[in-house]
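**Q** return atomic coordinates for the entry below.
(2 chains)
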There are 2 protein chains.
Amino acid sequence: MSLTQIHVVEVGPRDGFQMEATFIPTDLKVEVIDLLGRAGIEKIEATSFVSPKLIPQMRDADEVMSRIRRFPGIRHTALVPNVKGAQRAIEAGAEAVRVVICLSESYNRRNVGLGISESLENCRRICEMTKNHDIGCEAILALAFGCPLEGVISEERVVGIANQLIGMGFGELSIADSIGVANPAHVRRLIRKLAKEAALAHYSLHFHNTRGLGLANVLAGIEEGVDTFDSSCGGLGGCPVVPGGSGNIPTEDLVNMLEEMGISTGVELALVMTAANKLQQFLRRPLASYVLASGTRKQLFEGAAAGPPAPA
Amino acid sequence: MSLTQIHVVEVGPRDGFQMEATFIPTDLKVEVIDLLGRAGIEKIEATSFVSPKLIPQMRDADEVMSRIRRFPGIRHTALVPNVKGAQRAIEAGAEAVRVVICLSESYNRRNVGLGISESLENCRRICEMTKNHDIGCEAILALAFGCPLEGVISEERVVGIANQLIGMGFGELSIADSIGVANPAHVRRLIRKLAKEAALAHYSLHFHNTRGLGLANVLAGIEEGVDTFDSSCGGLGGCPVVPGGSGNIPTEDLVNMLEEMGISTGVELALVMTAANKLQQFLRRPLASYVLASGTRKQLFEGAAAGPPAPA
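**A** The predicted model follows:
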């Protein structure tokens, strides 16, 4: 393990908020995103430009993207389903767009009504369009470790789609396990294969804590040289088709693990926790974030430094 | 990572149950322990022989240890605070006893009213006594990664105490982080140092999920060659002095991770989940166990194999 710096990509305002039944007020969305920007998270997936009919929670995408504060070195991205969404994102000030392609034919059809080859053509058009506007374009390879409809997804398929996306001009690929079926051994195998057979992209990893393996998977990814990981403030998110499916890796827990290990993230954990606490208060339920509940080791030991309490 | 087999030590019936305010009926204790034995968990910490005044939950220790079913290859251990407790454990049929020593002077005094050197002397007497009865004796080095009263515990101190225990005849040492302050880098450093400077023992690791790092710490331990890990059915347990402190690594989540990685545990996960479900029903709260809530990948994919549902 030789990496000394890891980049955190915050996906809560998109991947997390979209799962919430209660509409999160635009003011609170902006406040949370601005806190995460102030915390120093280099890339924040701020919203998605989808049909408000399909995902009502994202109906204020234009307003959110326009109102959030810009910080030096912090990029705000948006998820877009098509060229029209990408145009809206660019007009609202997104610094990069992200497109999703599901690696299972049946899930991709169920998700967006298109076959994988049609979705790839869609990715190509979005990528071309963003290049004309000189903003970033990234692809998320969803269900890269398995699909609730098709089961195991082969590593060959991931490599094949990755190479097609690279051929279109995508330089940033996120390998995503939204249903929480990855394990550290699978992560290692897949990353090794991608590094060998689809090397012309920069890879990031996106894990869910569904079976509690999120941070162990991150560790495996780091040991294979991956330096960028998605996470979600407060651990928000989930997967609509997975029973009991818990959310993304909490950003608090990810940053805490990395900093405790002596790996720099550049993220001010206290501000992320402030943001998570605001969401927890609004949503009126305890979020699935360990550090939010327990505090950090440093907080515990600062109490210790104040002197031991009298023996009980 | 070359280990292909990992040994799981179930500590829920002791480390978990003792934290519960509601008395768990002896029948249920026995039923759960027998399910875990049937599941094939090689070592089960079934109870502790402490003062019923101090820990009322363990007041049925003799009855539990006498009544549980014996399975070939499964050993039932008991935690004991002193020679008297060890005698009770042996009389009740324990196949090994475990003793705890806290690596922080102030916490050890708070916990048992003794200094570390007095506790070491106590360990020596228990170890001698068990040798005369030809049963196993193991030591748990508690707070090996940090103490809520003293903060950081140096690796030198862990090595020093380990060597003293080895000198007394202890061959099995459990390195424990009951307050959840370990991280994978710390685990690697400490295990490397123990392997170099206190090599004459077999080491196991005991983690809590307080900051969500339990399974990541296991992964780091495995990569340093540790082949034995404590865990708790349903993730029961905690630490009385840590705010928001969640429990041990859930046995379900540990077994699931290992088996998913192709590492054999010899444990039948379905039976562990049955046991955890029984506890969850009795305790009337959702336990902090991911696999218990979400099911396994295999269960999800078996649904997939039955054919995709109609598109929504």
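**Q** secondary structure class for whichever residue of the stretch 1-150 of chain A sits closest to chain B?
**A** For the stretch 1-150 of chain A, the residue closest to chain B is A:Leu149, as judged by Cβ to the nearest Cβ, at 4.0 Å. (Glycine included, C-beta is placed from N, CA and C.) At A:Leu149, secondary structure determined by DSSP: H, G, I helix; E, B strand; the rest coil is coil.
**Q** do the helix or strand where A:Val97 lies and chain B meet?
**A** If you go by DSSP states H and E, A:Val97 is part of strand A:96-102. No - applying Cβ under 8 Å from any Cβ of the partner chain, one finds strand A:96-102 out of contact with chain B, separated by at least 12.6 Å.
**Q** mind giving me the packing neighbours of that strand?
**A** Under the contact criterion of 3 or more Cβ pairs under 8 Å, 6 or more residues apart in numbering or on different chains; DSSP states H and E, strand A:96-102 touches strand A:75-79, helix A:83-92, helix A:105-112, helix A:116-133, strand A:136-142.
**Q** go through the fourth one and flag the buried ones.
**A** Taking 16 or more other Cβ atoms under 10 Å in any protein chain shown as the basis for neighbour counts, the residues of helix A:116-133 that come out buried are A:116, A:119-120, A:122-124, A:126-127, A:129-130.
**Q** what do you get for the shortest one?
**A** By neighbour count on 16+ other Cβ under 10 Å, the buried set for strand A:75-79 is A:75-79.
**Q** include distance to chain B when you put those into a markdown table, please.
**A** Output for those, formatted as a markdown table (distance: Cβ to the nearest Cβ, whole Å):
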| residue | distance to chain B |
| --- | --- |
| A:Arg75 | 27 |
| A:His76 | 27 |
| A:Thr77 | 26 |
| A:Ala78 | 24 |
| A:Leu79 | 20 |
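**Q** and the two most separated of the residues you listed?
**A** Greatest spatial distance in the buried residues of strand A:75-79: A:Arg75 and A:Leu79, 13.9 Å, computed using Cβ to Cβ.
**Q** which sections of the stretch 51-200 of chain A are below the confidence cut-off?
**A** Filtered on pLDDT under 70, the stretch 51-200 of chain A yields no residues whatsoever.
**Q** what residues does it put near chain B?
**A** Close to chain B, as judged by Cβ under 8 Å from any Cβ, the stretch 51-200 of chain A has residues A:106, A:109-110, A:146-152, A:179-181, A:183-186.
**Q** which ChimeraX command selects the buried ones in these?
**A** Command for ChimeraX, covering only those of those found buried under the criterion 16+ other Cβ under 10 Å:
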select /A:106,109,110,146,147,148,149,150,151,179,180,181,183,184,185,186
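**Q** now do the strands in chain A.
**A** Using DSSP state E, the strands of chain A run over residues A:7-10, A:43-48, A:75-79, A:96-102, A:136-142, A:172-177, A:202-207, A:228-231.
**Q** just name the most buried of these.
**A** Highest mean neighbour count among the strands of chain A (mean count of other Cβ atoms under 10 Å in any protein chain shown): strand A:43-48, with a mean of 28.
**Q** for the closest residue to A:His202 other than its chain neighbours, what are its contacts?
**A** The spatially closest residue to A:His202, leaving aside those adjacent along the chain, is A:Glu172, at 5.4 Å (Cβ to Cβ, 6 or more residues apart in numbering or on different chains). Listed by Cβ atoms under 8 Å, 6 or more residues apart in numbering or on different chains, the contact set of A:Glu172 reads A:136-139, A:201-202, A:204.
**Q** next one: A:Glu172 from A:His133, what distance?
**A** Using Cβ to Cβ, to the nearest Å, A:Glu172 is found at 16 Å from A:His133.
**Q** what's the answer for A:Gln18, then?
**A** From A:Gln18 to A:His133 the distance is 25 Å (Cβ to Cβ).
**Q** what of A:Leu103?
**A** 28 Å.
**Q** so A:Ala195 makes contact with A:Val226?
**A** No - in this structure A:Ala195 lies outside contact range of A:Val226 using Cβ atoms under 8 Å: 9.2 Å.
**Q** contacting residues around stretch A:34-46?
**A** So stretch A:34-46 is contacted by A:7-15, A:33, A:64-65, A:68-71, A:73-79, A:94, A:96, A:98, A:230, A:233, A:251, A:266-269, A:271-272, A:274-275, A:278 (Cβ under 8 Å, 6+ apart).
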